[in-house]
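Colleague: What follows is a predicted structure for the sequence shown.
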Amino acid sequence: MGQGLYSQSRRRLVLTGLGALLVSAAASSVAGIYLGSVREVLGLIPGLMVLLPSIIDMRGNIAGVLASRLSSSMHLGEFSINFEEGCVLGDNIRASFVVTVLIAFVLGIFAYIASLLAGLPVVGITDLVLISVVSGIVSGLVVMGITLVIALASYRYGLDLDMIAAPTVTTSGDIVTLPILVLSAVFVMLLSPPARLVLGVAVVAVAIAAVLYTHRRPEGIGAIVRENLSLLIPLSVLGTMAGLTYSLNLDDLVTFAAFLILIPPFMGGLGSIGGILGSRLSTGMHTGELNPQPLPERAAVHHFIISYLYTLILLPLLALIAHGAAVLMGLNSPGLGMLVTISLVAGLVVMTLVNGAAYVTASLSFRYGLDPDNFGIPVITSLIDLIGAATLVAVIDLLL
């Protein structure tokens, strides 16, 4: 009887994750369709495509870490609906906002430097930083709000936050961040030079205030911010390199605009699957279900198999939506069969690498006394951004 209940519980978790992934796939395709529709803007504001993957990735990372930490606190019985400083919920929300501001500032600088080094045209560094910070703060507040609602609903109704947070957070990050980034870019570029200077001073002041706020709180919020920044800043380089990969192949992507439509749901879908995997591995190590061994145990392999299952179900659906949207919008597509093939081949390659990276990240961080909640999702989604971009472009070149 006990084994039957355990199997039923496992089945329910898998179906919960699949349901969240299917909903997020449909929703994230909206972001892809939007990207296909604003392809001209990407060319008119040089450097924007370099910034795009990293800022979307970091939005999901920050909110994903928030959700993962709250999920673990629920499993450990430490969670309470208390927004005051010094409480799990209050500290994590404050820390997430501080990280949002500082990372957005860094992303703008990284995107500018990367564009220069690659010999790509780019707007001024002040403009790119302003675009990054304005869009980062606005989209960050929205996505954190969505994450908070999901966490409180999971707590209230007894759902497993690990299985629904990653897909929802990743999708909301795509849908919210992409249009806000484009609108912020247009807004900043239309400002007069004096207005940009005033806004730039305000942005620097906010960043300094965020640093001072963290410095005065060495425990709690300060510890969360430092641990997140120590990982997210290096990972920002991966997101920026992904943006460079797309920018260097932008002509090909615009020629077959179906690929532009596919990019956000492809990355978001794989990021969601990887996020579920990372959250489950993290929770398993916190609760003692999994041990940080050099080689994965049977329970960990079970999570890998589920990730492959999700990939096989999700990616053909995403290709179908991208092809259909391209046809309806009068944009070029390589054909449904080719789009499905490219999506599946690239996706399975990426997921194989992600399974290994997720387990190594969770095991090493837990073994060395670090919180795997802070490392799992950011490492996974950042790797997916870079590996996914390189793999997708390589498979497109190979098969077309």
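Modeller: Received, thanks.
Colleague: shaky segments in the protein?
Modeller: 1-10, 13, 39, 162-163, 165-167, 170, 218, 252, 254, 371-377 (pLDDT under 70).
Colleague: and the next element down the chain from the longest helix seen in it?
Modeller: For the chain, the longest helix by residue count, based on DSSP state H, is helix 2-37. Note on helix 2-37: by DSSP states H and E, the next helix or strand toward the C-terminus is helix 39-44.
Colleague: In terms of secondary structure, what does that following helix contact?
Modeller: helix 48-75, helix 161-190, helix 250-255 (3 or more C-beta pairs under 8 Å, 6 or more residues apart in numbering; DSSP states H and E). C-beta here means a position set from N, CA and C on the backbone, and glycine is covered the same way.
Colleague: Which neighbouring elements make contact with the helix or strand following the longest one?
Modeller: Think helix 161-190. Proceeding N to C from helix 161-190, the next assigned helix or strand is helix 193-215, under DSSP H and E. Applying 3+ C-beta pairs under 8 Å, 6+ apart, one finds that helix 193-215 contacts helix 88-117, helix 125-157, helix 221-248.
Colleague: tell me the angle helix 193-215 makes with helix 161-190.
Modeller: Interaxial angle, helix 193-215 versus helix 161-190 (axes from the mean of the first three to the mean of the last three C-alpha atoms, to 10 degrees): 150 degrees.
Colleague: outside of helix 193-215, which residues touch it?
Modeller: 98, 101-102, 105, 126-127, 129-130, 133-134, 137, 188, 191, 221-222, 225-226 (C-beta atoms under 8 Å, 6 or more residues apart in numbering).
Colleague: among those residues, which ones are buried?
Modeller: 98, 101-102, 105, 126-127, 129-130, 133-134, 137, 188, 221-222, 225 (16 or more other C-beta atoms under 10 Å).
Colleague: Pick out whichever of those sits closest to Leu120.
Modeller: Closest approach to Leu120 among the buried ones among the contacts of helix 193-215 (C-beta to C-beta): Asp127, at 14.9 Å.
Colleague: In this structure the closest one contacts Val188, no?
Modeller: Yes. Asp127 is within contact range of Val188, at 5.9 Å (criterion: C-beta atoms under 8 Å).
Colleague: Count residues in the vicinity of the residue nearest to Ile164 when sequence neighbours are not counted, would you?
Modeller: Closest residue in space to Ile164, ignoring its immediate chain neighbours: Ala20 at 4.5 Å, by C-beta to C-beta, 6 or more residues apart in numbering. Neighbourhood size, Ala20 [other C-beta atoms under 10 Å]: 22.
Colleague: Ala20 contacts Ser172, doesn't it?
Modeller: No. Ala20 is beyond contact range of Ser172, at 11.7 Å (criterion: C-beta under 8 Å).
Colleague: Contacts only, for the nearest residue to Leu51 once chain neighbours are set aside.
Modeller: Sequence neighbours aside, Ala111 is the residue nearest to Leu51 in space, at 4.1 Å (criterion: C-beta to C-beta, 6+ apart). By C-beta under 8 Å, 6+ apart, the contact list for Ala111 reads Gly47, Val50, Leu51, Ser54, Val122, Leu128, Ser132, Thr240, Gly243.
Colleague: at 6 Å what do you get?
Modeller: By C-beta atoms under 6 Å, 6 or more residues apart in numbering, the contact set of Ala111 is Gly47, Val50, Leu51, Leu128, Thr240.
Colleague: Between those, which sits nearest Leu336?
Modeller: Val50 (30.4 Å).
Colleague: ok, now how distant is the residue nearest to the closest one when sequence neighbours are not counted from Ala118?
Modeller: Sequence neighbours aside, Gly243 is the residue nearest to Val50 in space, at 3.8 Å (criterion: C-beta to C-beta, 6+ apart). Gly243 is 10 Å from Ala118, where distance means C-beta to C-beta, to the nearest Å.
Colleague: Neighbour count: those two, which is higher?
Modeller: Under the neighbour definition other C-beta under 10 Å, Gly243 and Ala118 were set side by side, and Gly243 has more, 31 against 15.
Colleague: correct me, but that one touches Gly47?
Modeller: No. Using C-beta atoms under 6 Å, Gly243 is not in contact with Gly47, being 8.9 Å away.
Colleague: and Leu336, how many residues sit next to it?
Modeller: Neighbourhood size, Leu336 [other C-beta under 10 Å]: 17.
Colleague: Out of the helices and strands packed on helix 39-44, which gets nearest to Tyr308?
Modeller: Closest to Tyr308 of these is helix 161-190 (C-beta to C-beta; 16.4 Å).
Colleague: Specify the angle between the longest helix of the chain and helix 48-75 in degrees.
Modeller: Using the same axes, to 10 degrees: helix 2-37 against helix 48-75 is 160 degrees.
Colleague: on contacts alone, who are the packing partners of helix 2-37?
Modeller: Using 3 or more C-beta pairs under 6 Å, 6 or more residues apart in numbering; DSSP states H and E as the contact test, the elements touching helix 2-37 are helix 161-190, helix 257-287, helix 298-329.
Colleague: Deepest-packed of these, please.
Modeller: Comparing the helices and strands packed on helix 2-37 by mean neighbour count (mean count of other C-beta atoms under 10 Å), helix 257-287 comes out on top with a mean of 28.
Colleague: and the angle from it to helix 221-248?
Modeller: For helix 257-287 against helix 221-248, the angle by the same axes, to 10 degrees is 150 degrees.
Colleague: same for helix 257-287, what does it pack against?
Modeller: Helix 257-287 sits against helix 2-37, helix 48-75, helix 161-190, helix 298-329, helix 336-367, helix 372-399, with contacts defined as 3+ C-beta pairs under 6 Å, 6+ apart.
Colleague: Could you dump the ones you listed into CSV and include distance to Ala151?
Modeller: CSV is the format used below for those (distance: least, C-beta to C-beta, whole Å):
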stretch, distance to Ala151
helix 2-37, 14
helix 48-75, 5
helix 161-190, 6
helix 298-329, 22
helix 336-367, 21
helix 372-399, 13
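Colleague: buried stuff in stretch 389-398?
Modeller: So for stretch 389-398, counting by 16+ other C-beta under 10 Å, buried means Ala389, Ala390, Thr391, Leu392, Val393, Val395, Ile396.
Colleague: Kindly report the same for stretch 15-27.
Modeller: For stretch 15-27, by 16+ other C-beta under 10 Å, it's Thr16, Gly17, Leu18, Ala20, Leu21, Leu22, Ser24, Ala25, Ala27.
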